[in-house]
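Novice: got a sequence here, can you build the structure:
(chains A and B)
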Amino acid sequence: MAIKYTFLGLLIYLTIAAYLFAFLATITGKKKTGQVIYLMGFIAAAAAFAYRWHDVRHVPFQNMFEVFLSMGIFVYPLSIFCRRLLRVSGEAVDMLIGVILLFPAGFVFHAEPQMLPPALQSWLFMPHVAVYLISYVIMVKAAIQAFCYLKDKTGNTKENLVGYEEGTYRMICFGFPLLTLGLILGSWWGKLAWGDYWGWDPKELWSLVSWLVYVGYFHVRYMFGQKHARLNSSLAILGLAAIVITLLWVNLSRIFPGLHSYAG
Amino acid sequence: MEKLSRSIMWIVLLAIGLLAVLSMAGAFYGAEKAKLLFNSIPLVFYWYLLSVLFLAGFIEFTRLRRKPGLFMIHTGCLLILCGSMWGSEAGHRIVKRFFGIQKTPNGYMLISKGDSEKYIMAEDFGRRLGELPFSIKLKDFRIEYYQAYEKTPPQLDIKTQEGQQFQLIAKPGEEITLGRDKLRVVRTFTNFRIRIEDNKKVITDEGPQGENPAVEVSIETPDGNSHSRFVFEHFAGFSHKEDGLQLSYTSQGPQMIRDYFSDLAIIENGKEVLSKTIEVNHPLHYGGYHFYQHSYDSEMQKYTILSVTSDSGLYTVYAGYWMLVVGTLWQFWFRHIAKYIKDKKNK
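Specialist: Sure thing, here's the model as predicted:
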């Protein structure tokens, strides 16, 4: 456990508490109270992100602590966007996702600031990591929709929201261009920094696997439509599994030494 | 779906699945072995099959030709595939054989300060891989450090014959007991020099340039005898027979490198045609090659190591990248946004 007795730690724990209370309020029927607490949690998360940025003097995307801290702020805006524009349900679960994403930042990873090594001093650092992190949060939401479909096929259609299968498809359509952009920006950056746009590094290969799973999802869905909807949903969950391996296992395990080891 | 279309789709799904499984296997093997795997003969056949599949898709599925997003996504993938095959070692051999254009796919160059070099070498510098039609001169090399880190005091690292390791702050008067012997720091030098004055050796400190940092230590034995030793920063771990101690001196505490720079000049027909300072993320591009800051002489900073990569096929790959990105954005985002705006206007 790496408990943080700092101002940054306080902001992180406040966000976790706010997201948790917002979740409890929402599932107990106090939706408006839940919304207000959710918004307060987002403000605390944004303050933690801004504070960290100021503290380390670069966008806080360098290590696992900063990655999970950053993902914590994307949850709220994505949740609102998905509900209002994409008509995809799952706001209460999004609050719980916020708690799960911030937990490693609050309790697992150490927060010692680090200077950027030469390879990370590039304008591509921010867009490459940012689009990946946003796409990851979106794909988590897609996998939850898919999981809900496997459990209960109907979904919430009362509030003009789409069903779980369609919700999964919309979320993947939303996240896939970002996943593609992240891959391409990473490749372009690799060319500038290391001289090769593709180095067959474990992180690169696992990110390709994640991308290919969603490519497979689109082809299966085109081929069979909703005839094999359970297969579509399983692929969405498989995509998330590949993302978790790309983000965590590759960096934290010694099985995959490579060029991206600094991100651990 | 017609039988042929369905067959193509099944092959596509198999191809995607196979690539995903091979990528997973490659991740476990590590980058070196994965590169060999993906460039092996069976995989070369796979890449050709994939290219043929894209072409078959364009012929068989009108959607791929008529929908701009889908067209760009699939054309982008095909361009990436073609560009990377063109830029591969086999691609370079084919271009040489059929078009007579000889380029070295990749390699390394070690250039000392003030010297010029035109040969591309293997990573261990034991084998010459190719020759550039021009030379590269290293005018200067320098390292920048982060200022935020405070300098830690100079340090003396000591390793005894028994393998025990000790550290001592290298300030005059500091001492440490090593078993029965005692080691004491006498003085430090920012720039150690020996001069001959009246036929006698005189040791001086000609700072503040700090080109030869050193420390003088005195080692006292239990019988009361003592002898002096000079430890030079640039000769770490040097050992004397008489005491068997390995001593290393660091005049400044470890500093974190912010960046390293090589001032390069391109020399063609004896004239300097281009000069550029390269650093990580900012390579030099000239004559169909990219030159990257790869490594450097970490002890004396007297030379730089560049990695050299041919740009064959690169712009085809880049064109594919942008087609793929614009295609996915169009297919999954923009056409829906356009439709949403149109519907709102009609309402």
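Novice: drop to CA atoms for contacts and neighbour counts, all remaining ones
Specialist: Fine.
Novice: so what's A:E165 up against?
Specialist: By CA atoms under 8 Å, 6 or more residues apart in numbering or on different chains, the contact set of A:E165 is A:145-146, A:149, A:153, A:229, A:233.
Novice: which bits of chain A sit near chain B?
Specialist: Contacts of chain A with chain B, taken as CA under 8 Å from any CA of the partner chain, map to A:115-119, A:121-122, A:173-174, A:176-177, A:180-181, A:184, A:189, A:192-196, A:199-203, A:205-206, A:208-209, A:212-213, A:215-216, A:219-220, A:223, A:255-258.
Novice: give me the buried subset of the residues you listed.
Specialist: With burial judged by 16 or more other CA atoms under 10 Å in any protein chain shown, the buried subset of the residues of chain A next to chain B is A:115-116, A:119, A:121, A:173-174, A:176-177, A:180-181, A:184, A:189, A:192-196, A:199-203, A:205-206, A:208-209, A:212-213, A:215-216, A:219-220, A:223, A:256-258.
Novice: follow-up on the earlier one: just the ones of the residues of chain A next to chain B in helices?
Specialist: Within the residues of chain A next to chain B, membership in helices is found for A:173-174, A:176-177, A:180-181, A:184, A:189, A:192-194, A:202-203, A:205-206, A:208-209, A:212-213, A:215-216, A:219-220, A:223, as judged by DSSP state H.
Novice: only the buried residues of stretch B:221-230, if you could.
Specialist: Applying a neighbour-count criterion of 16+ other CA under 10 Å, the buried positions in stretch B:221-230 are B:221, B:230.
Novice: any regions of chain B where pLDDT drops low?
Specialist: Judged by pLDDT under 70, chain B has its weakly predicted residues at B:1, B:147-152, B:207-210, B:237, B:241, B:252-255.
Novice: let's go with 50 and repeat that
Specialist: Per-residue confidence for chain B (pLDDT under 50) gives these ranges: B:149-150.
Novice: nearest residue to the middle of it?
Specialist: B:H294 (3.6 Å; CA atoms, centre = their mean).
Novice: so how far is B:F189 from it?
Specialist: As defined by CA to CA, to the nearest Å, B:H294 lies at a distance of 32 Å from B:F189.
Novice: most centrally placed residue in chain A?
Specialist: For chain A, by CA atoms, centre = their mean, the most central residue is A:V137; offset 2.5 Å.
Novice: mind listing what that one touches?
Specialist: The neighbourhood of A:V137, defined by CA under 8 Å, 6+ apart, consists of A:71, A:74-75.
Novice: most neighbours among those, please name it.
Specialist: Neighbour counts for the contacts of A:V137 (other CA atoms under 10 Å in any protein chain shown) peak at A:V75, which has 25 neighbours.
Novice: distance of that one from B:I143?
Specialist: A:V75 sits 41 Å away from B:I143, going by CA to CA.
Novice: likewise B:G76?
Specialist: Computed as CA to CA, the B:G76 to B:I143 distance reads 40 Å.
Novice: ok, now B:V217?
Specialist: Looking at B:V217 against B:I143, where the rule is CA to CA, the gap reads 30 Å.
Novice: more crowded one of those two?
Specialist: When B:V217 and B:I143 are compared on other CA under 10 Å, the one with more neighbours turns out to be B:V217, at 24 against 14.
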